[in-house]
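**Q** my questions concern the predicted model and sequence given below.
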Amino acid sequence: MTASMPDEIDYDYAVNVAERAIRHMAQHRIPPTPDNFRVWAAYAQGAPADLKRTIDILISNKRTFDSITNQELAATFAASTGSPQIADASQQLSSVVNAAREFLNAAIADNRSQIRSIGDVAGAAQGGADPKLLVESLVKELSKAATRASELEQSFAESSRELDTIRTSLQKAEEHSRTDMLTGLPNRRALDEFLRLTQTAAMEKGDPLGMLLIDVDHFKRFNDDFGHNVGDQVLKLLGGVLKDRVRDNDLAARYGGEELMAVLPSADMTTCQAVAERIRKSIAECKITRRTSGEVLPSITVSIGVAQFRPGEPVTDFIERCDSALYAAKRAGRNRVMTELQLEPGLLAT
């Protein structure tokens, strides 16, 4: 069984895939919407491997495929990017491939012509023709061959450079689509993808997974007093501090507004709390000076909520507990770290 649908879909194969997809969906009580069907049809084929691995782990952990989980799977594996940069790169790539193919076809035709010409020279040599003329003819044909080889090499070198340009363009487009332009941190799209991958890895390996949710204290008042441009500079500063205080395998991202988030794979609650405290202290120690006037602005403080992933839970529940810890820190006076362990039973953010 192939991992993906062939260009010309075999009827029996398509029916078999559809039946298996519907059977899986019925077993897990998943509504047969078009997006859900695309996900489970891909799962029934076993490709992409990342999708099959994710769903297998969710099933093994007895995860309920609720609407949020289904939406996350559909958004990750079924939706197309629709990126103008990708579409443009696709057109460029098609143009490069077509040009290279045409040049190669022309070179093949020229080589065949050359072989025939050299064959004619060989026939003339056997027929007793003037050796001097034969040598001149052979040199001429070899010179043509060398010229064609040089042109072919140059053409493919140019194609290679164009492909490098396209590759760079795609990398920049991908980076741009995953980066928050203000802080330079990964954006919500990159954060959601990282969370999905680290959740799966944590369930597969039995490792802990920590989360920090960071909110600037009294940010609206700061914006009102000093202007949004200064507020933007504060967020940039906080983004730099956060990025410097987490490990290379962690992800520091902008969650939204003045909220930042850090996801810490393989970090238990004690480690996460220590990291959060270092971040809080570093931000509180920052001195912000207005360039235009030299005025030293009031210190910026943050409140931080800390939570640990529970195997099998939806990511929304994970974030909600972290958010509840964050708001508990604010209610307790701000400029502090609170963990989900410090929450009163049943207390959730409102």
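**A** Sure, I can see it. Numbers count the residues shown, from 1 in each chain.
**Q** Three-state assignment for T64, please.
**A** Three-state call for T64 (DSSP: H, G, I helix; E, B strand; the rest coil): coil.
**Q** so who does it touch?
**A** Listed by CB atoms under 8 Å, 6 or more residues apart in numbering, T64 has no contact partners. Using the backbone N, CA and C atoms, a C-beta is placed for each residue, glycine as well.
**Q** show me the shaky parts of the stretch 151-300 of the chain.
**A** 152-153, 155-156, 159, 163-164, 166-167, 169-176 (pLDDT under 70).
**Q** do a quick rundown of the helices in the stretch 51-200 of the chain.
**A** 67-77, 84-126, 131-177, 188-205 (DSSP state H, counting those that start in this stretch).
**Q** just the residues contacting stretch 191-200, thanks.
**A** Contacts of stretch 191-200 (CB under 8 Å, 6+ apart): 53-54, 57, 72, 75-76, 186, 209, 251, 253-255, 261, 263, 265, 309, 315, 318.
**Q** how far out from the middle of the chain is that stretch?
**A** Centroid separation between stretch 191-200 and its chain, computed with CA atoms, centre = their mean, to the nearest Å, is 11 Å.
**Q** what of stretch 214-227?
**A** 31 Å.
**Q** what of stretch 49-60?
**A** Stretch 49-60 sits 19 Å away from the centroid of its parent chain (CA atoms, centre = their mean).
**Q** can you pull the buried residues of it?
**A** Of the residues in stretch 49-60, 51-52, 54-55, 57-58 count as buried by neighbour count, 16 or more other CB atoms under 10 Å.
**Q** now pLDDT and distance to R112 too, for those, in TSV please.
**A** Below are the buried residues of stretch 49-60 laid out as TSV (pLDDT from 0 to 100; distance: CB to CB, whole Å):
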residue	pLDDT	distance to R112
L51	77	47
K52	81	48
T54	79	52
I55	85	53
I57	75	56
L58	79	58
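**Q** extract the C-alpha trace of stretch 308-324 and format it as PDB.
**A** Provided in PDB are the C-alpha atoms of stretch 308-324 (Å, rounded to 0.1, in the frame of the first residue of the first chain):
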ATOM      1  CA  GLN A 308       2.700  21.500  34.000                       C
ATOM      2  CA  PHE A 309       1.300  19.400  31.100                       C
ATOM      3  CA  ARG A 310      -0.900  16.500  32.100                       C
ATOM      4  CA  PRO A 311      -0.600  13.600  29.600                       C
ATOM      5  CA  GLY A 312      -3.700  13.300  27.400                       C
ATOM      6  CA  GLU A 313      -5.200  16.700  28.200                       C
ATOM      7  CA  PRO A 314      -6.200  19.300  25.500                       C
ATOM      8  CA  VAL A 315      -3.700  22.100  25.100                       C
ATOM      9  CA  THR A 316      -6.500  24.500  26.000                       C
ATOM     10  CA  ASP A 317      -6.700  23.000  29.500                       C
ATOM     11  CA  PHE A 318      -3.000  23.300  29.900                       C
ATOM     12  CA  ILE A 319      -3.000  27.000  28.900                       C
ATOM     13  CA  GLU A 320      -6.100  27.700  31.100                       C
ATOM     14  CA  ARG A 321      -4.300  26.400  34.200                       C
ATOM     15  CA  CYS A 322      -1.300  28.500  33.400                       C
ATOM     16  CA  ASP A 323      -3.500  31.500  32.900                       C
ATOM     17  CA  SER A 324      -5.300  30.900  36.200                       C
END
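**Q** quick one, which of the contacts of stretch 191-200 are buried?
**A** When the contacts of stretch 191-200 are checked for burial by 16+ other CB under 10 Å, the buried set is 54, 57, 72, 76, 186, 209, 251, 253-255, 261, 263, 265, 309, 315, 318.
**Q** quick one: which helix or strand includes L264?
**A** Using DSSP states H and E, L264 sits within strand 259-265.
**Q** quick one, that strand and helix 188-205 angle?
**A** Here the directions of strand 259-265 and helix 188-205 differ by 30 degrees (axes from the mean of the first three to the mean of the last three CA atoms, to 10 degrees).
**Q** who are the packing partners of strand 259-265?
**A** The contact analysis (3 or more CB pairs under 8 Å, 6 or more residues apart in numbering; DSSP states H and E) places strand 259-265 against helix 188-205, strand 209-216, helix 228-245, strand 251-256, helix 269-284.
**Q** if we go to 10 Å?
**A** Helices and strands touching strand 259-265, by 3 or more CB pairs under 10 Å, 6 or more residues apart in numbering; DSSP states H and E, are helix 188-205, strand 209-216, helix 228-245, strand 251-256, helix 269-284, strand 302-308, helix 315-331.
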